[in-house]
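Enquirer: predicted model, plus sequence, below.
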Amino acid sequence: MIADDSLIAARNLSLHFGSIPALVDVSVDLWPGEVLAVVGESGSGKTTLLNVLSGRMRPDEGVVWYRDPAGSLADVHTMPAPALRALHRSDWGFVQQDPRAALRMAVTAGGNVGERLMAQGARHYGNIRAEAIDWLRQVEIDENRVDDLPRNFSGGMLQRLQIARTLVTHPRLVFMDEPTGGLDVSVQARLLDLIRSLVARLNLAAVLVTHDLSVARLLAHRIVVMQRGVAVETGLTDQVLDDPQHPYTQLLVSSVLQA
Amino acid sequence: MNEILQGYNFAYLDEQTKRMLRRALLKAVAIPGHQIPFGSREMPLPYGWGTGGIQVTAAVLGPNDVLKVIDQGADDTTNAVSIRRFFAKTAGVATTTDTATATIIQTRHRIPEFPLSENQILVYQVPQPEPLSKLEPSRGETRRMHALAEYGSMHVRLYEDITRFGHVAISYDYPVMVGGRYLMAPSPIPAFDNPKLHMMPALQLFGAGREKRIYAIPPYTNVRSLDFDDHPFCAGRAPHPCGLCGSETSYLDEVVVDNKGGRLFVCSDTDYCETRRAAGHVGADA
Ligand SMILES: Nc1ncnc2c1ncn2[C@@H]1O[C@H](COP(=O)(O)OP(=O)(O)O)[C@@H](O)[C@H]1O
Ligand SMILES: [Mg+2]
Ligand SMILES: [Zn+2]
């Protein structure tokens, strides 16, 4: 059964790497404007789930449905490659843990933010630049940095630049893989605040992969808990974290409390 | 007709190779601006001397053709002379330096100043056929980008130039969109020549020997140089008249005329300059 208003509906996803079960019969739904956190320890299949949901990786079994703005459902893994790439350029966005891998480090901040606009056919230099400046402001980067190369940006700034570059085309859905991983705690806190306010203001739906339950607590409406490729528990964030039902979730929550 | 060198097939290449090349050329004409792979042959010239252009010329040359070969606009460079002599010997065709008389013009780095006609074919020697090669080193990825017409990254390059220099700082091999579909490298002609690519009555064929690619612009095809609405493409030219013929519209070379640092701006297209002088045009330095 697929609800009429779900944005993503994934059913019975399985994927093995050799003998490693990275995904085992996983089903998830995502609603418009909702942030879904995928949590679990390292190696539990979080990134694999993100890659399969976003069509970057093909499952052995199962299907991922995406509902386009016109309301019709498309199977992410059977749609033609141009259609999927177009989705990634416009309706969807991807924020990965390492901004250096996502950004063009030899291109100015403005060029990085403007790229998706140009990919969509924007051909007015002044407008592209103005929009890039506006987005730098929205991610709290001084607009004077618009012509600077990201080479000299701090880790937190790089990640904010990646977010600006992703959001500039107003996607409805953003996939994020450990967006605050590898950053200092104080930098993390600021970035989390920023992501939270952007997601709320832009009414974004997001799938957020994190091994950090406090990140999930702060940003997510709902949580899916992964253990060895299995979605062992799904529910509203507060319910799952305050009253975990599955023994593995209980273990995760108690280890955070002890730390 | 000249005496044909004994022991060679007409225009050097064997008929089977020419048929293979013609098939690639037909595909190229059918899909304007799209690069077609071909089985490039060893030629009796090193790469960089126009082996791609020579193979294309060999494939389209007939016994009644009149061949002109230019290198940077000049008919008399070593490279141009040796290619012309090569076809005179292996095909026995007539050669010329006169743009209007030629039926096939093989060129490196220029388009002639005199407008070409429907009865002519312009063959370009191409060192790097892939316009995206500087942005994306992977062949597979550039193929995908062409297939999906994903050319945003090329505009990023233009964006960066305008940001840094106030204008697009590409003076040679300025990328173009062919027929509104394929991004194409026009070979290292000056950006000044780009407008001539557009709606040209002559057939334009491009051969890259080392990279084993052929592409084409059929007659009367729309060819647009990439730009931004608020920074339209502009073809630069040195702000001087030609010192010899006085032309104020031709592309100029700057040449050193003596060992006291004296300089002269002259037409890079030598046939154009000579034809104008023969017709009585005189520049300030003539
Ligand atoms: N491309 C791959 N090839 C082989 N094994 C992989 C590959 N990607 C992930 N895995 C394995 O699949 C399991 C899940 O990985 P992953 O989804 O990256 O977990 P997580 O993101 O939760 O750390 C791990 O055991 C990992 O080693
Ligand atoms: Mg991971
Ligand atoms: Zn002249």
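Expert: In hand now; what should we look at? Residues are numbered from 1 along each chain as shown, chains lettered A, B, ... in the order given. Ligands and ions are numbered 1, 2, ... in the order given.

Enquirer: closest point of the stretch 1-150 of chain A to ligand 3, which residue?
Expert: Residue nearest to ligand 3 within the stretch 1-150 of chain A: A:Tyr125 (35.7 Å; CB to the ion). Every residue, glycine included, has its C-beta placed from N, CA and C.

Enquirer: how about A:Arg89, phi and psi?
Expert: Backbone torsions of A:Arg89, given as degrees, to the nearest 10, read phi -80, psi -20.

Enquirer: ok, it touching A:Met118?
Expert: No. The pair A:Arg89 and A:Met118 fails to qualify as a contact (CB atoms under 8 Å) at a distance of 10.5 Å.

Enquirer: who has more neighbours, the two?
Expert: Set A:Arg89 next to A:Met118 and count neighbours by other CB atoms under 10 Å in any protein chain shown: A:Met118 wins out with 22 against 18.

Enquirer: contacting residues around that one?
Expert: A:128, B:152, B:155-156, B:159 (CB atoms under 8 Å, 6 or more residues apart in numbering or on different chains).

Enquirer: output the strand or helix carrying it in CSV, but only the C-alpha positions, please.
Expert: If you go by DSSP states H and E, A:Met118 is part of helix A:109-119. This file holds the C-alpha atoms of helix A:109-119, laid out as CSV (Å, rounded to 0.1, in the frame of the first residue of the first chain):
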residue,chain,number,x,y,z
ALA,A,109,32.1,30.2,-4.1
GLY,A,110,29.7,32.0,-6.5
GLY,A,111,30.5,29.6,-9.3
ASN,A,112,29.9,26.6,-7.0
VAL,A,113,26.5,28.0,-5.9
GLY,A,114,25.6,29.0,-9.4
GLU,A,115,26.4,25.7,-11.1
ARG,A,116,23.0,24.1,-10.6
LEU,A,117,21.3,27.2,-11.9
MET,A,118,23.4,27.2,-15.0
ALA,A,119,22.7,23.4,-15.4
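
Enquirer: quick one: the following helix or strand past it to chain centroid distance?
Expert: Next in sequence after helix A:109-119, counting helices and strands by DSSP H and E, comes helix A:125-138. Distance of helix A:125-138 from its chain centroid, counting by CA atoms, centre = their mean, to the nearest Å, is 23 Å.

Enquirer: then helix A:125-138 to PDB, C-alphas only?
Expert: What follows is helix A:125-138 as a C-alpha-only set of coordinates in PDB (Å, rounded to 0.1, in the frame of the first residue of the first chain):
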ATOM      1  CA  TYR A 125      25.500  36.300 -15.200                       C
ATOM      2  CA  GLY A 126      24.200  39.100 -13.000                       C
ATOM      3  CA  ASN A 127      21.200  37.200 -11.800                       C
ATOM      4  CA  ILE A 128      23.200  34.000 -11.200                       C
ATOM      5  CA  ARG A 129      25.700  36.000  -9.100                       C
ATOM      6  CA  ALA A 130      23.000  37.800  -7.200                       C
ATOM      7  CA  GLU A 131      21.300  34.500  -6.400                       C
ATOM      8  CA  ALA A 132      24.600  33.100  -5.300                       C
ATOM      9  CA  ILE A 133      25.200  36.000  -2.900                       C
ATOM     10  CA  ASP A 134      21.700  35.600  -1.600                       C
ATOM     11  CA  TRP A 135      22.400  32.000  -0.800                       C
ATOM     12  CA  LEU A 136      25.700  32.700   0.800                       C
ATOM     13  CA  ARG A 137      23.800  35.000   3.100                       C
ATOM     14  CA  GLN A 138      21.300  32.400   3.900                       C
END
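
Enquirer: quick one: the following helix or strand past it to helix A:109-119, angle?
Expert: Downstream of helix A:125-138, the first helix or strand assigned by DSSP H and E is helix A:155-167. Following axes from the mean of the first three to the mean of the last three CA atoms, to 10 degrees, one obtains 20 degrees for the angle between helix A:155-167 and helix A:109-119.

Enquirer: how far off centre is helix A:155-167?
Expert: The answer for helix A:155-167 is 13 Å, by CA atoms, centre = their mean.

Enquirer: can you tell me the strand partners of the next helix or strand after that helix and which way each runs?
Expert: The C-terminal neighbour of helix A:155-167 among helices and strands, as given by DSSP H and E, is strand A:173-177. If you go by DSSP bridges, strand A:173-177 pairs up with strand A:92-95 (parallel), strand A:205-209 (parallel).

Enquirer: most packed of those strands?
Expert: strand A:205-209 (a mean of 25; mean count of other CB atoms under 10 Å in any protein chain shown).

Enquirer: and the residue nearest the centre of chain B, which helix or strand is it part of?
Expert: For chain B, the residue nearest the mean C-alpha position is B:Tyr124 (3.6 Å; CA atoms, centre = their mean). For B:Tyr124, the element it lies in under DSSP H and E is strand B:121-125.

Enquirer: pairing partners for that strand, with directions?
Expert: Strand B:121-125 is paired, per DSSP bridges, with strand B:104-108 (parallel), strand B:203-208 (parallel).

Enquirer: for A:Val209, find the nearest of those strands.
Expert: strand B:203-208 (44.4 Å; CB to CB).

Enquirer: name the surrounding residues that touch the closest one.
Expert: Strand B:203-208 has contacts (CB under 8 Å, 6+ apart) with B:25, B:28-29, B:52-57, B:60, B:120-129, B:187, B:197, B:213-219.

Enquirer: which of those are buried?
Expert: Using 16 or more other CB atoms under 10 Å in any protein chain shown as the burial test, these include B:25, B:28-29, B:52-57, B:60, B:120-127, B:129, B:187, B:197, B:213-219 as buried.

Enquirer: and B:His34, how far from ligand 3?
Expert: In this view, B:His34 and ligand 3 are 36 Å apart by CB to the ion, to the nearest Å.

Enquirer: wait, that residue sits on B:Ala147?
Expert: No. B:His34 is beyond contact range of B:Ala147, at 9.7 Å (criterion: CB under 8 Å).

Enquirer: looking at these two, which has the bigger crowd around it?
Expert: B:His34 (20 against 11).

Enquirer: residue contacts, that one?
Expert: Applying CB under 8 Å, 6+ apart, the residues near B:His34 are B:28, B:146, B:181-182, B:215.

Enquirer: recalculate using a threshold of 10 Å.
Expert: Residues near B:His34 by CB atoms under 10 Å, 6 or more residues apart in numbering or on different chains: B:27-28, B:146-147, B:178-179, B:181-184, B:213-216.

Enquirer: now for A:Gln96: which residues touch it?
Expert: A:Gln96 is in contact with A:47, A:50, A:102, A:159, A:162, A:166, A:175-179, A:181, A:209, counting by CB under 10 Å, 6+ apart.
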